[in-house]
Each structure stands twice: as C-alpha cells, then as structure tokens.
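Student: Dropping the sequence and predicted coords here.
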Amino acid sequence: MLCTSIMSGCATSAVLSRPPAKNLGVLDQGTSRSMVLTELGAPSYTKDMNGEKQDTFSFDKGLSGGAKFGRGFFHLAADVFTLFLWEVIAWPAEKVAGGPNTIVEVGYNKDEKVQTVNYLKKS
C-alpha cells in the first residue's frame, strides 16, 4: 500500500511536465536559422561545410494544452479506478513517450535559411 501511495500521480505528473508542442512549421524551406533555434533550442550538433551549416536537433515534440489535460485526467481517473495499479504501466510508458522522440538534421544555405530537412527519427 505504501508503494502505491508513493507512485500515485507519477504518470499524471510526467504528462503535465512535458514541454508545449513545438511548431515544426519553422522547418519549412526558407525559414531563418534564428527562428529554428528559437523554436527547437540549441542543436545537439552543428557542422559547417564551406559556409553552409547543418544542425542536428534532438527534442520532445511536446503536447498541446488539450492533450496534456486529457492524458493527465485519464491517468488520474485510471489511478483511482484501479487503486493506483495503473501506475505500474502508465508511468514507464509516459517516461518513454516524454524523452527525445524526434531527431532531425536541418541544412541551411549561405544566407542561413532552411534548405533541407532530414528526419532521422520521427514519432
């Protein structure tokens, strides 16, 4: 009983702590590198090839406010309904879902505008 009371709410907390949904529209061709960096954060790797940069980003695509609320509410209700046994499944699943689930390479031209986008891992 002590174990379940300690674990209770972990899946709900994991969902609510996920970042807001990323605007992947910044990966459209012609978008400035500064806009991409503002939305996706610092790249995990940058390569410079003859004045043309290529950034590699690894990030969690995040969740919209409605998705956060819906999933959080579902986890809370399932916890109550199953006397917190739901946490045995839900918490590890949310931890996996909340990690960096997208890896993308973005190539820029000499004017630092998006030229190519290559998804290495997409969920």
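Tutor: Sure thing, it's come through.
Student: wait, isn't K113 in contact with L27?
Tutor: No - with contact defined as Cβ atoms under 8 Å, K113 does not reach L27; the gap is 11.6 Å. C-beta here means a position set from N, CA and C on the backbone, and glycine is covered the same way.
Student: higher neighbour count, these two?
Tutor: Using other Cβ atoms under 10 Å as the criterion, K113 and L27 rank with L27 on top: 19 against 14.
Student: Tell me the secondary structure of the nearest residue to the more buried one once chain neighbours are set aside, please.
Tutor: Excluding the flanking residues, the one nearest L27 by Cβ to Cβ, 6 or more residues apart in numbering is V117, at 4.8 Å. Taking DSSP: H, G, I helix; E, B strand; the rest coil as the rule, one finds V117 in the strand state.
Student: Next, count neighbours for V117.
Tutor: Around V117 there are 15 other residues, counting by other Cβ under 10 Å.
Student: And the closest residue to C10 other than its chain neighbours, how far from G66?
Tutor: The shortest distance from C10 to any non-neighbouring residue, by Cβ to Cβ, 6+ apart, is to W91 (4.3 Å). Distance of W91 to G66, computed by Cβ to Cβ, to the nearest Å: 22 Å.
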